[in-house]
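*Asks:* Here's a sequence, model it:
(2 chains)
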Amino acid sequence: MIDSIRAWWRSPLRCALLVFFVLGSRGAEAQLQVDITSGVSAPIPLAIEDFATDPQASSEVIRQDLARSGRFIVGPRTTADYLVTGRASAGVGGRTTIDFELLNLLNGQRLLVERVTSPPAAWRNAAHRISDRIYQKIIGVRSAFATRIAYVSVDGQPPSQRYQVIVADADGENARVVLQSRLPLMSPTWSPDGESIAYVSFETRAAAIYIQKVRTAERRRVSGRAGVNNAPAWSPDGRKLALTLSSGSGNLDVHVLELDTGVLTRITDHPAIDTEPVWSVDGSQIYFTSDRAGGPQVYRTESIADAQPQRITFVGNYNARPRVSPDGKQLAFVTREGGAYRIALQDLGNGVVRVLSKGQQDESPAFSPDGGTLIYAARERGQRVLGTVGADGLILQRLKADRGEVREPTWGPFLP
Amino acid sequence: MRHIAAILLILGLLAACKSAPPLASDNPGELAPRADASAIAQPDDSAGTVSAGGVGNDAESTIVLPPELQGRTVIYFAFDSDSISAEDQELVAAHARFMSGKAGVRLRLEGHTDERGSPEYNIGLGERRAQAVRRALGLQGVADSRVATVSYGEERPAASGENEDAYSRNRRVELVYPGG
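*Replies:* Below you'll find the predicted structure:
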């Protein structure tokens, strides 16, 4: 903690906020610590009073959410432009009700007067929903505080490591082990309805793709063919998985598996490595990585057999692991600059590429469901951590595990 | 003369990069440790939801190799390469001879990369290395049907560290003979 604070004071961005908290401690899972390494130049001053008669720390969760967004500086009422007040009360069936108000202190206007109810166990989620309401009202765009992430945690030293797929709230809290194995787990990815996770497990010393219900842990193997079974990606309607399989000769191609029928369609057919598929927002196309031109580049193809892929990335000699923004207008991927691997964003309209992250080994980008943030895997002082960066490039955060390493993050959908 | 010395030095450095000496842990015989019961314990699940618990076990029985192959079950690769050095071609030939005399023996080739770059793309690179060894064995008469491949990409490093020494130990194919 001391080191984090010192690092913050050394930060050139004086306006940067620092929020530091140790998250959910239930033993088996690595805990994440979150801190902001740079923020916007003019964060909005906001005050959040402790909610009256609140048995939980709802107002503190909201403070952390909004401060961590980098858009707000949370402080005393005397210097604030906006004020949040609230009161908790016990509702029907043991539910907790929170009545809250958002006040513009500059003109006295009441911007929100609302009520949120939740079962006691879901109080954090209720607080995140309040954060989302406040954020949207003041900033004018949707935020994703009340969503979840998943990632792979690895601890122990090679060659004896322990791998876990972990699901957590978007702030790293409520971390829960979905699966653990002595052999690698990879590529967790949320189903569009937020109910299931697809992942790759090597638990039988061969690769296989599984789908597991997050709530019940019920799982089934959907692909365990000889050779490579990797990089599952859900179609937007949740009925299909794009995935990478290898033929008998070990050649990787992108396929589509219909989950209800088991019907498998080969999408690419090329002796190069074709992998890392992801669907366009309307499901009609698939972006993927291929080294058919020498090094890896991103291509796009119709999501049907025998389509003609078209190259999408041209800047640099290493562009891999594409992800499409929720509005379909941007493509995030890993690009190599010199010897450094970084997260880049390409405007699919005009082709302009911006490099967003600043690390040496940044990889596995994933969009938040609102499209405002990318989460990715990074290395910092020898440790694998998660980073987030605003799609505008402004706000950088780090999520570090208290032990072990974290990687391959994925961000779940908005929940109803 | 200075030029020759310089060239020798560079060649020596290249050799050091390409074929790092196998670590003890690169030997699958030693890689198979004791089963660790605590590692597959049911995770704490006080939230009331269910977990699939632990799966997989890194302990595996492997067949006993003849003395000339013991500790010689890893082939190392240069960065972004799947070509097998002349020295390692000899090793592949020795394994092929062993397999030709043992009809029931099967082999699993585990392809690995260093940690740089995208993990899923690295699965492709690791598979390419495993297939290169499989083809080399095929040229020595080992039927493809006796050889399985699995690519772990960067997921199962032999050495940790962000340096060329660790990277060169991790760019490898391990030859594993599963026991009965």
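
*Asks:* which helices and strands sit right next to the lengthiest helix in chain A?
*Replies:* The single longest helix within chain A, with elements called by DSSP state H, is helix A:123-139. Counting by 3 or more CB pairs under 8 Å, 6 or more residues apart in numbering or on different chains; DSSP states H and E, the packing neighbours recorded for helix A:123-139 are helix A:58-68, strand A:82-90, strand A:96-104, strand A:110-118, strand A:162-169. To be clear about C-beta, it is placed using only N, CA and C from the backbone, and glycine gets the same treatment.

*Asks:* The same query, at a cut-off of 10 Å, please.
*Replies:* With contacts taken as 3 or more CB pairs under 10 Å, 6 or more residues apart in numbering or on different chains; DSSP states H and E, helix A:123-139 sits against strand A:44-48, helix A:58-68, strand A:72-74, strand A:82-90, strand A:96-104, strand A:110-118, strand A:162-169.

*Asks:* Would you map the helices across chain B?
*Replies:* Using DSSP H, helices in chain B cover B:2-18, B:28-31, B:86-100, B:119-139, B:164-170.

*Asks:* Would you single out the least confident of those helices?
*Replies:* The stretch with the lowest mean pLDDT among those is helix B:28-31, at a mean of 26.

*Asks:* show me what contacts residue 105?
*Replies:* Going with chain A. A:45-47, A:77-83 (CB atoms under 10 Å, 6 or more residues apart in numbering or on different chains).

*Asks:* that's the other chain; I wanted chain B
*Replies:* By CB under 10 Å, 6+ apart, the contact set of residue B:105 is B:63, B:65, B:98-99, B:142, B:146, B:177-179.

*Asks:* give me that answer again for 8 Å
*Replies:* Contact analysis of residue B:105 by CB atoms under 8 Å, 6 or more residues apart in numbering or on different chains lists B:63, B:98-99, B:146, B:177.

*Asks:* so what are the domain limits for chain A?
*Replies:* Per automatic domain parsing, the domain ranges recorded for chain A read A:44-145, A:148-224+A:313-411.

*Asks:* which one of the ones you listed lies closest to residue B:152?
*Replies:* Between residue B:152 and those, the shortest separation by CB to CB is 6.0 Å, and it involves domain A:148-224+A:313-411.

*Asks:* Just the terminal-to-terminal distance for that closest one.
*Replies:* 6 Å (CA to CA, to the nearest Å).

*Asks:* Kindly report the same for stretch A:155-171.
*Replies:* Stretch A:155-171: ends 21 Å apart by CA to CA.

*Asks:* And for stretch A:256-264?
*Replies:* Length of stretch A:256-264, first residue to last, CA to CA: 6 Å.

*Asks:* Tell me the most packed of the contacts of residue A:105, by neighbour count.
*Replies:* When the contacts of residue A:105 are compared by neighbour count (other CB atoms under 10 Å in any protein chain shown), residue A:46 ends up highest, at 25 neighbours.

*Asks:* contacting residues for that residue?
*Replies:* Here residue A:46 is in contact with A:66, A:72-75, A:80-84, A:138 (CB under 8 Å, 6+ apart).

*Asks:* For the nearest residue to residue B:68 once chain neighbours are set aside, grab the count of nearby residues.
*Replies:* Take residue B:68 and drop its neighbours on the chain: the residue closest to it by CB to CB, 6 or more residues apart in numbering or on different chains is residue B:94, 6.5 Å away. By other CB under 10 Å, 15 other residues sit near residue B:94.

*Asks:* Thanks again, I'm all set now.
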